[in-house]
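Trainee: predicted model follows, preceded by the sequence.
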Amino acid sequence: MNKQAPNTLTAVLAIALLLSIAATTYSIGRMSAIAPFTGAATTTPTGVANVTVPSKTYISLPVQYIDFGELDVGLSNDTSDNSPPPFVLQNDGTVNVNVTIGATDMFSGTGGANPSLYYQFKSNENEAGSVLNTTTDLITAYTYMPATGSPAKVVSRLRFPTAYDSVKVHINVTVPLDEAAGGKTSTVTFTATQA
Amino acid sequence: MIKKDYLAYGLAILMLATIVVSAIGTMTSLSIAGTIQKSEDKFSGARLVPDAEPTVETAKVRLFVRGDAYE
């Protein structure tokens, strides 16, 4: 026993060592088959990192309330003189967007339902360069406000870089001659889609 | 001397057992990793980055129509 023990022990240790080496080699082979190793030293130690920024449309309305105060029937007011201030529509996403506008009826008098001359909108740049083409991407003349269910373009290709990503949306109202007295409210809906 | 031999054999057997358990663990890990890799491969043609969805914002316009009577 005492004489044989060292040889036996050596054999057991040698088997253990061989098993370990064989298992490690096999493991590395299997791992390489699943996903080749990266990061090993090469003669051209360069790497490529890929980052994908997801397309995201997100608009906000820094100015989302317009209050014209009191108006007599037959009279008009608009936001062109900044009193009250117009809506400000801002692109906070990662892509250029096309935006449509639609609104609920403001008036109930004759001919007051949208679209009508009594309730109109137009758009212009709030920051220079916010659209690619100011002639074709904006609605520069007052246009009848469409109903919510039939929205129309208010701005197209509104850009997203922070320095130039917003437009003003002006509103013009005229109170119909047979409009009933009282408070009037219209909800304006802006819908943005990727340009 | 005999106690030392027993200790040596014990350690050797323990080492063998450790290697066997380690090998089983490694094989299990590789098997799971392979399954995950195959699952990801199935999605390689899928749309990983969705197109931007439409966004809706609402605003309000208010006014008050005076009730003065006209003569």
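Mentor: Done, it's in. Fair warning: this is a prediction, and the values are worked out from it, not measured in the lab.
Trainee: from now on I want contacts and neighbour counts done on CA atoms only, so please keep to that.
Mentor: OK.
Trainee: what are the boundaries of the helices in chain B?
Mentor: B:2-42 (DSSP state H).
Trainee: pLDDT weak spots in it?
Mentor: B:1-2, B:36-52, B:68-71 (pLDDT under 70).
Trainee: repeat that with 50
Mentor: Applying pLDDT under 50 to chain B picks out residues B:45-49, B:71.
Trainee: how is chain A divided into domains?
Mentor: Using automatic domain parsing, the domain parsing of chain A gives A:1-34, A:59-194.
Trainee: which of these sits most buried?
Mentor: Burial of the domains of chain A is given as mean neighbour count (mean count of other C-alpha atoms under 10 Å in any protein chain shown); domain A:59-194 ranks first at a mean of 19.
Trainee: hmm, that one touching chain B?
Mentor: Yes. Contact of domain A:59-194 with chain B (C-alpha under 8 Å from any C-alpha of the partner chain) involves A:59-61, A:64-73, A:175, A:179-194.
Trainee: tell me the mean pLDDT for whatever helix or strand A:Thr24 lives in?
Mentor: A:Thr24 is part of helix A:5-34, with elements assigned from DSSP states H and E. When pLDDT is averaged over helix A:5-34, the result is 76.
Trainee: so how far is it from its chain's centroid?
Mentor: Here helix A:5-34 shows a centroid-to-chain-centroid distance of 57 Å under the convention C-alpha atoms, centre = their mean, to the nearest Å.
Trainee: coming back round to it: in JSON lines, list the domains of chain A along with distance to A:Thr52.
Mentor: Formatted as JSON lines, the domains of chain A follow (distance: least, C-alpha to C-alpha, whole Å):
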{"stretch": "domain A:1-34", "distance to A:Thr52": "24"}
{"stretch": "domain A:59-194", "distance to A:Thr52": "12"}
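Trainee: least confident of these, on average?
Mentor: domain A:1-34 has the lowest average pLDDT among the domains of chain A, namely a mean of 73.
Trainee: quick one: that domain near chain B?
Mentor: Yes. Domain A:1-34 reaches chain B (C-alpha under 8 Å from any C-alpha) through A:2, A:5, A:9, A:12-13, A:16, A:19-20, A:23, A:27, A:30-31, A:34.
Trainee: alright, calling it a day.
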